[in-house]
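Chemist: how would this look folded up:
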Amino acid sequence: MGYTTFEFYKNSYYGDSVEESLFPKWEDKASMKLDQLTYGNINDDTRTEFDERIQKATCALADLLYQIDYKTTHANDAQAGNVKSMSSGGQSISFGSNETLVDKVLNDKTAQNRLCYDTVCEYLSGTGLLYAGVM
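Modeler: Next comes the predicted model:
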């Protein structure tokens with residue numbers, strides 16, 4: 001079960017990374033990841049109380065997961081990769097060090113999970129949804 005809609009993503013979160021046709025896939029992945037990061041603490045009551053925060057966390061995760069996937073699959077592409085310089089005759093491409101945070105976690109699942117957690121914390125800290133213990 002998803003936690004947000006494309007309309008919320010565009011109009012309230014102001015997202016522009018994920019196209020409408022791809023949004024259901026990434027929203028679903030983000031919702032599943034959010035369930036994991038919140039230890040299943042999201043239910044009807046918490047959705048009512050923290051609806052906007054949960055939706056924004058889902059949108060942020062959808063953006064992040066999409067970017068990680070895109071960068072991973074296009075890491076060596078001249079158009080989408082981390083190109084520093086390019087020559088035409090004989091085609092010489094140098095990949096630069098202008099890495100983003102997403103670039104830095106591409107080959108490390110633990111770092112990706114930490115980045116997902118940090119992203120969710122921006123929206124859900126103080127809600128109790130990230131608490132792993134018994135309430």
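Chemist: The protein: helices as residue ranges?
Modeler: 6-11, 23-37, 44-49, 51-73, 101-104, 109-124 (DSSP state H).
Chemist: now what about the third one, what contacts it?
Modeler: Looking back up the chat, that one is helix 44-49. Contacts with helix 44-49, where a contact means C-beta atoms under 8 Å, 6 or more residues apart in numbering, come from 3, 54, 127, 129. (Each C-beta comes from the backbone N, C-alpha and C, glycine too.)
Chemist: Closest one to residue 38 out of those, please.
Modeler: Nearest to residue 38 among the contacts of helix 44-49 is residue 129, at 4.6 Å by C-beta to C-beta.
Chemist: ok, back up a step: so which of the helices of the chain is nearest residue 17?
Modeler: Nearest of these (C-beta to C-beta): helix 51-73, 4.7 Å.
Chemist: and that closest one, which residues are buried?
Modeler: 53-68, 71 (16 or more other C-beta atoms under 10 Å).
Chemist: could you give the angle of that helix to helix 23-37?
Modeler: 110 degrees (axes from the mean of the first three to the mean of the last three C-alpha atoms, to 10 degrees).
Chemist: Only C-alpha atoms, please: export helix 51-73 in CSV.
Modeler: Extracted C-alpha coordinates of helix 51-73, given in CSV (Å, rounded to 0.1, in the frame of the first residue of the first chain):
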residue,chain,number,x,y,z
ASP,A,51,0.0,12.2,6.9
GLU,A,52,1.9,15.1,5.3
ARG,A,53,5.2,14.1,6.9
ILE,A,54,4.8,10.5,5.8
GLN,A,55,4.0,11.5,2.3
LYS,A,56,7.0,13.8,2.1
ALA,A,57,9.3,11.1,3.5
THR,A,58,7.9,8.7,0.8
CYS,A,59,8.5,11.3,-1.9
ALA,A,60,12.1,11.9,-0.7
LEU,A,61,12.8,8.2,-0.6
ALA,A,62,11.3,7.7,-4.1
ASP,A,63,13.6,10.5,-5.4
LEU,A,64,16.6,9.0,-3.7
LEU,A,65,16.0,5.4,-4.8
TYR,A,66,15.3,6.5,-8.3
GLN,A,67,18.6,8.5,-8.4
ILE,A,68,20.6,5.6,-7.0
ASP,A,69,19.1,3.3,-9.6
TYR,A,70,19.7,5.7,-12.4
LYS,A,71,23.3,6.5,-11.4
THR,A,72,24.0,2.8,-11.0
THR,A,73,22.7,1.8,-14.4
